[in-house]
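# Model the structure of this input:
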Amino acid sequence: MKPLKEKVSITLDDDVIKKIKELAEEDDRNFSQYINLVLREWIKNHQ
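As a prediction, this is how the structure comes out:
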């Protein structure tokens with residue numbers, strides 16, 4: 001069973017949003033999926 005997701009609100013700089021959208025599109029993911037992927041990898045590498 002997949003874990004439940006929770007909605008959050010954050011404020012990002014415009015250039016960060018644009019770059020994440022570009023990278024997400026290149027990886028065939030939506031914006032939210034890509035942010036989750038990047039954050040999971042960052043957490044994994046910093047534990």
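# Which helix or strand contains the residue nearest in space to the middle of the chain?
What sits nearest the mean C-alpha location of the chain, by Cα atoms, centre = their mean, is Ile35, with 0.2 Å. Element membership of Ile35, judged by DSSP states H and E, is helix 31-45.
# need the contact list for Asn45.
For Asn45, no residue meets the contact criterion (Cβ atoms under 8 Å, 6 or more residues apart in numbering). Yep, even glycine has a C-beta here, placed from its N, CA and C like the rest.
# quick one: pLDDT of it?
Confidence at Asn45, expressed as pLDDT, is 98.
# Pull out the buried positions in the helix holding Ile35.
Neighbour-count burial for helix 31-45, counted by 16 or more other Cβ atoms under 10 Å, picks out 34-35.
# hmm, back to that, Ile20 is in contact with the residue nearest to the centre of the chain, correct?
Yes: in terms of Cβ atoms under 8 Å, Ile35 counts as a neighbour of Ile20; the distance is 6.5 Å.
# Count the neighbours of the closest residue to Gln33 other than its chain neighbours for me.
In this structure, Gln33 finds its nearest non-sequential neighbour in Ala24, 7.0 Å apart by Cβ to Cβ, 6 or more residues apart in numbering. Look at Ala24: counted by other Cβ atoms under 10 Å, it has 18 neighbours.
# Who are the packing partners of the helix or strand encompassing Ala24?
Ala24 is part of helix 14-26 when elements are defined by DSSP H and E. With contacts taken as 3 or more Cβ pairs under 8 Å, 6 or more residues apart in numbering; DSSP states H and E, helix 14-26 sits against helix 31-45.
# Could you export the helix it packs on as CSV, CA atoms only?
Taking Å, rounded to 0.1, in the frame of the first residue of the first chain, the C-alpha atoms of helix 31-45 are listed here in CSV:
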residue,chain,number,x,y,z
PHE,A,31,6.2,18.9,-10.8
SER,A,32,5.1,17.4,-7.5
GLN,A,33,6.4,13.9,-8.4
TYR,A,34,9.8,15.4,-9.3
ILE,A,35,10.1,17.4,-6.1
ASN,A,36,9.3,14.3,-4.1
LEU,A,37,12.0,12.3,-6.0
VAL,A,38,14.6,15.0,-5.5
LEU,A,39,13.8,15.4,-1.8
ARG,A,40,13.9,11.7,-1.2
GLU,A,41,17.3,11.4,-2.8
TRP,A,42,18.6,14.4,-0.8
ILE,A,43,17.3,12.9,2.5
LYS,A,44,18.8,9.5,1.6
ASN,A,45,22.2,11.1,0.9
